[in-house]
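Engineer: here is my input, please return the structure:
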Amino acid sequence: MITVRGGTAADRDFVIETARRFAAFGPPPWRTPAEVVAGEVRCLDDFFDGGMQGATLLIAEEAGRPAGFAFLEHHTDYFTGQRHGHLGMIAVTEAAEGRGAGAALLGTAEDWARAQGYAKLTLNVFDGNARARRVYERAGYRVDTLRYVKGLE
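Structural biologist: Numbers count the residues shown, from 1 in each chain. The predicted structure is shown next:
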């Protein structure tokens, strides 16, 4: 059975180690795996060091052991100016894949957004991460905008 609880400082090592998995899920060719991991770890270090007031960390557990995490933020919609929840990161351990930890984290993230009074929850995913995109689409998420990048070296 999967349970979800709030994260604490004691979860730091688990969260940062699990965040290293992001490099394996379809970053575009102009982003190195090291760059992706470094960016996510920088954000998590900032959170754990107290620099991201208002952000929320969720931990999924199976049989009392951490199985995944979700990192939630407050954002403002560019077009409407309305505040909304943003799922900045979500990852499960390799052992927890397909066992419901991700779904439990998504559901709890949506509950968090509702509790904040938000009408929507957003997230970003690499275009090449087809598995995650299918999961999000099955959960009712839809593409909002597509961001294009052109290197100018």
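
Engineer: for the residue nearest the centre of the chain, give its distance to residue 56.
Structural biologist: Centroid-nearest residue in the chain, with Cα atoms, centre = their mean: residue 89, separated by 1.6 Å. According to Cβ to Cβ, to the nearest Å, residue 89 stands 11 Å off from residue 56. From N, CA and C alone the C-beta is placed, and that goes for glycine too.

Engineer: then residue 1?
Structural biologist: 22 Å.

Engineer: compare those two (neighbour count), which wins?
Structural biologist: residue 56 (20 against 7; other Cβ atoms under 10 Å).

Engineer: the more buried one: what's it in contact with?
Structural biologist: Residue 56 sits next to 6, 7, 71, 72, 73, 112 when contact means Cβ atoms under 8 Å, 6 or more residues apart in numbering.

Engineer: torsion angles phi and psi at the first one?
Structural biologist: The phi and psi torsions at residue 6 (degrees, to the nearest 10) take the values phi -70, psi 150.

Engineer: ok, residue 74 - contacts?
Structural biologist: Counted by Cβ under 8 Å, 6+ apart, residue 74 has contacts 54, 55, 83, 84, 85, 86, 116.
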